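Engineer: turn this into a model:
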Amino acid sequence: MVKRLVVGAHYGFRDWLIQRLTAVVMALYTLIFAINVIFFMPAWDNASWRSLFAGGFMRFITFLFFLSLFYHAWIGVRDIWMDYVKPISVRLTLHAITALLLIGYAGWAAQILWRL
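Structural biologist: Residues are numbered from 1 along each chain as shown. Next up, the predicted model:
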């Protein structure tokens, strides 16, 4: 009989569910964005793109898309680091770099969206 040792942070079901929910948010945004671009943009020029993101709703759902994308990426990359990087110091360093980059990207996305 093999005694199984359970290690790790036991993220399992919660992270699986969050990845599915963030994927649904991203898929819905993609549909809304595609419909807006195909049916409601008169031309593909700078003025049309600015008018698409001029409303608060489009900016908000775009930012929600980016937050979902970054959280989705965090779970995936964190699991890769946990599964394949064995030295704890290297793994923690990679976790910190990944987290800081994703937080920075979220701030950058907010700056771009509300700078328009």
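Engineer: from here on, just use CA atoms for contacts and neighbour counts.
Structural biologist: Will do.
Engineer: helix or strand with the lowest mean pLDDT in this structure?
Structural biologist: helix 46-52 (a mean of 91; mean pLDDT, DSSP states H and E).
Engineer: what residues does that one touch?
Structural biologist: Residues from elsewhere that reach helix 46-52 (Cα atoms under 8 Å, 6 or more residues apart in numbering): 36, 41-42, 58, 116.
Engineer: ok, stretch 32-42 next?
Structural biologist: Under Cα under 8 Å, 6+ apart, the answer for stretch 32-42 is 48-49, 52.
Engineer: closest to T22 out of those?
Structural biologist: Using Cα to Cα, L52 comes nearest to T22 of the contacts of stretch 32-42, at 23.2 Å.
Engineer: neighbours of the closest one, how many?
Structural biologist: Using other Cα atoms under 10 Å, L52 has 18 other residues around it.
Engineer: and it, how far from I35?
Structural biologist: Per Cα to Cα, to the nearest Å, L52 is found 12 Å from I35.
Engineer: one step back: what is the subsequent helix or strand relative to the least confident helix or strand of the chain?
Structural biologist: Once the chain leaves helix 46-52, the next helix or strand it forms, by DSSP states H and E, is helix 56-84.
Engineer: only the buried residues of that following helix, if you could.
Structural biologist: Across helix 56-84, burial judged by 16 or more other Cα atoms under 10 Å covers 58-59, 61-74, 77-78, 81-82.
Engineer: what do you get for stretch 45-54?
Structural biologist: Neighbour-count burial for stretch 45-54, counted by 16+ other Cα under 10 Å, picks out 52-53.
Engineer: now do the contacts for the residue sitting nearest the centre point of the chain.
Structural biologist: The centroid of the chain falls nearest to L69 when counting by Cα atoms, centre = their mean (1.4 Å). Residues near L69 by Cα under 8 Å, 6+ apart: 22-23, 26.
Engineer: quick check, nearest of those to A99?
Structural biologist: For those, the nearest to A99 is T22 (17.2 Å; Cα to Cα).
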